[in-house]
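> heads up, no residue letters with this:
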Ligand code: PLP
């Protein structure tokens, strides 16, 4: 593919390619700071993470002075880049007007405008938005809303939820219950929400049989879901929950074509709600505002969640979007969603998210994300596609995963503890590029021993939608160098 000409393609520019304070891709090796006395409870009790002293565009500056190119926006959060002055101004202006009101009694202009900018024209029948502080809270709210929907319809026997293996829907007890990311879940079991079962993920690279066509694979998954509904009694099931593109657990895995069409049809047939979790893949990240839009006409969730790209990291915010079908039942019933939280639709969060979404809209960043995604795909496949341990490179828009395996062509996962993806992530960071590692312990990955102790190993590349082509080139080049260094270490 010919490189894009930034000057002639309005979806590509005009973003600067280097920060004023300079990019140092080959900085010295990062030492995590051993410090058992720090007061913050970090993920690791043994190490204090690097302190970021400032961030601008696609760059982070550590207090050591090192500059890191942020190729994953945290965990696919940063969509307009860091340090946008328009967002600061919106935050300040809101703080000057109203810093807080309780949503039981009041609303704010920014909350209403944010709902409007997302739901302008009721896209796909989505009618209402509900804002909370995190993706996990959004998932919990979505689960409660789904349960209430059937309560109001006097279908109180519906108490089961079906989700997918190798999914991650958040860290609260409710969201964790529907998740199936075993390392994040097992230490906290038994969870409080027992009526959850999990069906197979739609993960063709690992699970489609060589003898199967894509259509046959989709039919097999659809039959499994239908059979699970029948096992539970379809009249007893509340909802099926899935990410349109699986993010953190297995690394940007889109479903095979036709999968969500089949899922939607099965849910509709049984009157079961479809909840799509777009916390990670939504709000433009995959090249369309909602990821589900790429799954074909009529594939529409009854309830969906949003998170990271909604506010782009400027303030904590996530959301639930609700289809008229659900709203109408509440309207005709109790007339309320009794799920108030103190910081729901917080004015500061709504003001910053509104500013972010206005920028995304005004600058055509979703379209740009799609166009830059084509560049990223070409670079990733060109620079890493032939590497020995690179099994699969997949994704959409600016949401790409690279899966590492023992040997190209084998699809065989590394032995537990190898942490290939984690090693690549650390090495890339050492070379000046931050990518997001995944190294989930999963069940049933080809080559494992049948126990839940095999490891799929991935890194995610999910830079801001504003990333420049030259920056993508640096990201992929350093990632390839990092990969080469790790390959030399492990082979
Ligand atoms: N759902 C998905 C798909 C996610 O990737 C995440 C977070 O990574 C969540 C839900 C939970 O979001 P949060 O971490 O904001 O609570």
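Thanks, I have the structure now. Every value quoted in this text rests on a predicted model; they were computed, and no experiment measured them.
> and the residue in the chain that the ligand sits nearest to, what does it touch?
When distances are taken as Cβ to the nearest ligand atom, the chain reaches nearest to the ligand at residue 135, 2.2 Å away. C-betas here are computed from N, CA, C, even on glycine. Going by Cβ atoms under 8 Å, 6 or more residues apart in numbering, residue 135 touches 169, 170, 175, 277, 279, 280, 305, 307, 308, 318.
> would you mind giving both backbone torsions of it?
Comment: the main-chain dihedrals of residue 135 come out as phi -60, psi -40, following degrees, to the nearest 10.
> what does residue 461 give?
Main-chain dihedrals, residue 461, degrees, to the nearest 10: phi -120, psi 120.
> okay, it: pLDDT?
For residue 461, the model assigns a pLDDT of 98.
> residues in contact with it?
Residues touching residue 461, when contacts are defined by Cβ under 8 Å, 6+ apart, comprise 71-72, 376, 380, 395, 398, 400-402, 435-436, 475-476, 479.
> from residue 404, how far out is the most centrally placed residue in the chain?
With the centre of the chain defined as its mean C-alpha position, the nearest residue by Cα atoms, centre = their mean is residue 280, 1.7 Å away. Taking Cβ to Cβ, to the nearest Å as the criterion, residue 280 is separated from residue 404 by 20 Å.
> spell out which residues of the protein are next to the ligand.
Among all residues of the chain, those adjacent to the ligand (criterion: Cβ under 6 Å from any ligand atom) are 75, 134-136, 139, 168-171, 243, 247-248, 277, 279-280, 307, 318.
> mind redoing it with 8 Å?
75-76, 134-139, 167-172, 175, 243, 246-248, 277-281, 305, 307-308, 316, 318 (Cβ under 8 Å from any ligand atom).
> return the subset of those residues lying in strands.
Using DSSP state E, the members of the residues of the chain next to the ligand that fall within strands are 246, 277, 278, 305, 318.
> following element in sequence after the helix-or-strand element of the chain with minimal mean pLDDT, please.
Across the helices and strands of the chain, the lowest-confidence element by mean pLDDT, DSSP states H and E is strand 33-34, at a mean of 64. Using DSSP states H and E, the helix or strand that follows strand 33-34 towards the C-terminus is strand 47-48.
> against which helices or strands is that following strand packed?
If contacts are counted by 3 or more Cβ pairs under 8 Å, 6 or more residues apart in numbering; DSSP states H and E, strand 47-48 sits against strand 33-34.
> repeat the analysis, applying 6 Å as the threshold.
Packing partners of strand 47-48 (3 or more Cβ pairs under 6 Å, 6 or more residues apart in numbering; DSSP states H and E): none among the helices and strands.
> would you mind measuring from residue 147 to residue 240?
Taking Cβ to Cβ as the measure, residue 147 falls 14 Å from residue 240.
> more neighbours: the two, which one.
residue 240 (27 against 17; other Cβ atoms under 10 Å).
> quick check: phi and psi at the more buried one.
Comment: the main-chain dihedrals of residue 240 come out as phi -110, psi 130, following degrees, to the nearest 10.
> heads up, I number from 488, so please use that
Sure thing, new numbering starts at 488, so read that last one as residue 727.
> so what's it bridging to?
With DSSP bridges as the criterion, the beta-bridge partners of residue 727 are residue 649, residue 761.
> check whether it really touches residue 647, as I assumed.
No. With contact defined as Cβ atoms under 6 Å, residue 727 does not count as touching residue 647 (10.1 Å).
> pLDDT below threshold where in the stretch 588-737 of the chain?
Filtered on pLDDT under 70, the stretch 588-737 of the chain yields no residues whatsoever.
> can you give me the strands in it?
For the stretch 588-737 of the chain, the strands identified by DSSP state E, counting those that start in this stretch occupy 613-619, 647-651, 683-686, 724-729, 732-733, in order along the chain.
> on that earlier part again, what's the most distant pair in the ones in strands among the residues of the chain next to the ligand?
When Cβ to Cβ is used, the two most widely separated members of these are 733 and 805, lying 17.9 Å apart.
> packing partners for the helix or strand hosting residue 836?
Taking DSSP H and E as the criterion, the element that holds residue 836 is helix 834-849. Helix 834-849 sits against helix 572-584, helix 596-606, helix 795-798, with contacts defined as 3+ Cβ pairs under 6 Å, 6+ apart.
> TSV for the ones you listed, including mean neighbour count?
As requested, these are exported to TSV (neighbours: other Cβ atoms under 10 Å):
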stretch	mean neighbour count
helix 572-584	15
helix 596-606	19
helix 795-798	31
